[in-house]
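Colleague: Structure for the following, please:
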Amino acid sequence: MPAAPASTRFPHHATDRDSAMRVVHIVAHKGINGVTTSCRTLISAQQRHGHEIMLVTMPGGWLTKQDFPKPLEIIESHLKTRPREIARVGYLIRDWNPTVIHCHASKANKYGLVYRVVAGSPVLTTAHARKRQLPFAFLRAVIAPSTQTAQFHRRNNLVPAAKIAVIPHPISDVISSGTARAKCREELGLSEDEFVIGMVGAVDKRKNQIDGLRILEKVLSRHPHARLVVVGNRGGEGTMPGWAELLARPSVRDSVILTGHRDDAVSLIESFDTLLSTSRIEEGPIVVLEAMALERPIVSYAVGMVPDIVRDGTDGFVLSVDDVCGAAERICQLIEDPDLRERIGKQGRLRLLQECGERKIIEQIDAAYERVARAAGTWK
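Modeller: This is a model prediction of the structure:
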């Protein structure tokens, strides 16, 4: 394709390993979820490491209301696939003179594809989901949060291995205060004597919380004081056949708390004794990292970045998808052995900071940015 007219080209912004970068994040999610929370953590970390940030995101979105370490440029857009809006956002980005454009989610990737093809822009994306989409093959790089994610995009979106960087989401050095635990338990009507199994995420087939009910039922047969707290939007319950029936069983119903959507989901994790994740497909999941940061032992199916980071039996418990009996047994072990619970919680946090610590992840992402900026060359 011929070079874009000079008036539409993005200016070249040189990079240096020790210099700050100017990073545009295009985020096509409005509410709080794994994408937006991971973007908030990444943007905050990048600011602490000296980078300047422009954020392009939905009007009134959750990210626009967050307190970041430093001021940042915000452009609000519904990111609709309309030439005039794509051009408006593109010219604002061009005039800001960015080092790279980092896209997050499908609508953002479409904008990135246009800027890549028309203006030769240095655009990359984080693959927050496993979808068959054209932009992945044409953007200059894809950051995959896990090995599983990378394999999917190589196989289904024809992304060359050389263009994929497996980089987990960064995590901030969160420290449990102890006060949030007592407050949250009081709010939820839970006593300190009850063992709380927590699950966080939209209640649906992918997150597979129905397995959480099955696991709880088995745990209750040995430990009647166990409780399951499920945090997340309940709009997808109908996608799990048998959910309502299982929830209504006398052996389960009085031991489950469904909170619905909560903006303070991270605070609620402090009230848990263990974090249970039974997702069938994940790229993160972010909640596992948040729980590990708070020294909560995790019991998780082997999806997303979990098998990349968590060593089974050392930093947490990792099981095959659908291994309900195995997950129930691991939770019973945690209930019966407080020392094991404390040891795995502490080791999980240490492992997390080693593998997903802010400095390490920012250095890896910076290296990806530099490769993308160099590949853009004169940005024809």
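
Colleague: what about the closest residue to residue 141 other than its chain neighbours, how many residues close to it?
Modeller: Excluding the flanking residues, the one nearest residue 141 by Cβ to Cβ, 6 or more residues apart in numbering is residue 124, at 3.9 Å. Just so you know, the C-beta spots here come from the backbone N, C-alpha and C atoms, and that holds for glycine as well. Using other Cβ atoms under 10 Å, residue 124 has 24 neighbouring residues.

Colleague: cool, the one 10 residues further on as well?
Modeller: For residue 134, the count of nearby residues is 12 (other Cβ under 10 Å).

Colleague: Tell me how far it lies from residue 376.
Modeller: With distances taken as Cβ to Cβ, to the nearest Å, residue 134 is found 20 Å from residue 376.

Colleague: Run through who's touching the helix or strand in which the residue nearest to residue 141 is found.
Modeller: Using DSSP states H and E, residue 124 sits within strand 123-126. For strand 123-126, the surrounding residues in contact (Cβ atoms under 8 Å, 6 or more residues apart in numbering) are 38, 100-104, 108-109, 112-113, 115-116, 135-136, 139-145, 368-369, 372.

Colleague: and the closest residue to residue 266 other than its chain neighbours, what pLDDT?
Modeller: Nearest residue to residue 266, sequence neighbours excluded (Cβ to Cβ, 6+ apart): residue 290, at 5.5 Å. Here the pLDDT value assigned to residue 290 is 92.

Colleague: repeat for residue 16
Modeller: pLDDT, read off for residue 16, is 43.

Colleague: Let me see the ranges of the strands in the stretch 251-380 of the chain.
Modeller: 256-260, 274-277, 298-301, 317-319 (DSSP state E, counting those that start in this stretch).

Colleague: Could you measure from residue 356 over to residue 365?
Modeller: 12 Å.

Colleague: Setting aside sequence neighbours, what's the nearest residue to residue 271?
Modeller: Going by Cβ to Cβ, 6+ apart, residue 271 has residue 184 as its nearest residue, at 3.7 Å.

Colleague: Which strands and helices lie in contact with the strand or helix carrying that neighbour?
Modeller: Taking DSSP H and E as the definition, residue 184 sits inside helix 179-188. Where contact means 3 or more Cβ pairs under 8 Å, 6 or more residues apart in numbering; DSSP states H and E, helix 179-188 is packed against helix 265-269.

Colleague: low pLDDT regions in the stretch 1-150 of the chain?
Modeller: For the stretch 1-150 of the chain, the stretches with pLDDT under 70 are 1-18.

Colleague: Do you have the helices of it handy? List them.
Modeller: Under the criterion DSSP state H, counting those that start in this stretch, the stretch 1-150 of the chain carries helices at the ranges 34-48, 83-96, 106-119, 135-138, 147-156.
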